[in-house]
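> Let's see this in three dimensions:
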Amino acid sequence: MLLPYLKANRKEAGCDEVGRGCLCGPVVAAAVILAPDYANEWINDSKKIIKSRRESLAEEIKSQALSWAIGSATVAEIDELNILNASFLAMNRAVDALDVSPDHLLIDGNRFKSVRDIGFDCVVKGDGKFASIAAASILAKTYRDELMARLSRDYPGYGWERNVGYPTREHREGIRKLGPSPLHRKSFRLLPEQLKIDL
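Prediction:
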């Protein structure tokens with residue numbers, strides 16, 4: 001069972017993002033404030049949970065959380081700011097969208113830039129340590145996976161419905177055959193043999 005909080009008697013929002021390593025699409029973050037007595041033994045790092053359980057957990061988290069929200073940064077913002085700063089932007093947007101103001105943030109990872117006067121702690125591999133961060137990872141991943149599956153219908157041939165934008169062999173073969181789509185990140189190395197593709 002993951003830890004329910006870092007410090008008792010304060011509203012902690014767990015924050016995590018997904019999609020940093022993808023070649024296309026937005027980076028998506030979630031922020032979640034769980035009730036202090038909420039517990040579910042299955043909540044964990046979203047990457048360690050099978051899809052069907054992750055989807056059912058996402059629905060439970062949405063119904064049981066004191067507050068939850070999604071934030072994202074676009075492909076254009078990723079290319080302009082770089083992926084790290086775009087990830088911070090997505091997390092800040094998720095926190096801003098909460099309808100309950102948190103007292104403190106628990107951020108997955110080792111760096112964060114807050115745009116609000118809210119204290120935070122960065123927790124390396126926090127999605128495997130704190131329930132609120134794990135819950136955020138689940139919401140962010142289910143949201144982004146569904147988004148990429150929908151976008152795959154508009155841009156077929158890259159396998160996004162399966163790889164959700166990560167650099168799999170199928171995805172890169174699609175880029176070789178079709179060229180990059182408008183949703184591919186221009187600042188990323190899309191194919192191993194070249195630094196970038198001119199768009």
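> For the protein, give me the ranges with low pLDDT.
For the chain, the stretches with pLDDT under 70 are 194-199.
> Helices along that one, start to end?
All helices of the chain, identified by DSSP state H, fall at 51-64, 75-81, 83-97, 131-154, 160-163, 169-178.
> Tabulate those (TSV), appending distance to residue 14 and mean neighbour count.
The C-beta positions use only the backbone N, C-alpha and C, and glycine is treated the same way. Converted to TSV, these look like this (distance: least, C-beta to C-beta, whole Å; neighbours: other C-beta atoms under 10 Å):
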stretch	distance to residue 14	mean neighbour count
helix 51-64	10	15
helix 75-81	23	17
helix 83-97	10	22
helix 131-154	3	23
helix 160-163	26	19
helix 169-178	30	15
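> Which of those helices sits closest to residue 27?
Residue 27 lies closest to helix 83-97 among those, at 5.2 Å (C-beta to C-beta).
> Which other helices and strands does the closest one contact?
The contact analysis (3 or more C-beta pairs under 8 Å, 6 or more residues apart in numbering; DSSP states H and E) places helix 83-97 against strand 12-18, strand 27-33, strand 67-73, helix 75-81.
> Tell me the strands beside the third one, with direction?
Strand 67-73 pairs in its sheet with strand 27-33 (antiparallel), by DSSP bridges.
> Can I get the strand it pairs with in CSV? Just the C-alpha atoms.
C-alpha atoms of strand 27-33 as CSV (Å, rounded to 0.1, in the frame of the first residue of the first chain):
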residue,chain,number,x,y,z
VAL,A,27,2.3,16.2,-22.7
VAL,A,28,-0.5,15.6,-20.2
ALA,A,29,-0.5,16.1,-16.4
ALA,A,30,-2.9,15.4,-13.6
ALA,A,31,-3.3,16.7,-10.1
VAL,A,32,-5.2,14.8,-7.5
ILE,A,33,-6.2,15.5,-3.9
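> how far off strand 12-18 does it point, in degrees?
160 degrees (axes from the mean of the first three to the mean of the last three C-alpha atoms, to 10 degrees).
> Let's see stretch 46-60 as CSV, backbone CA atoms only.
Taking Å, rounded to 0.1, in the frame of the first residue of the first chain, the C-alpha atoms of stretch 46-60 are listed here in CSV:
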residue,chain,number,x,y,z
SER,A,46,0.3,3.6,-13.9
LYS,A,47,2.9,1.9,-16.0
LYS,A,48,2.8,-1.1,-13.6
ILE,A,49,-1.0,-1.6,-13.9
ILE,A,50,-2.7,-3.4,-16.8
LYS,A,51,-5.0,-1.3,-19.0
SER,A,52,-8.3,-2.6,-17.8
ARG,A,53,-7.5,-2.1,-14.1
ARG,A,54,-6.0,1.3,-14.8
GLU,A,55,-9.2,2.4,-16.5
SER,A,56,-11.4,1.1,-13.6
LEU,A,57,-9.1,2.8,-11.1
ALA,A,58,-9.3,6.0,-13.0
GLU,A,59,-13.1,6.0,-12.7
GLU,A,60,-12.9,5.3,-8.9
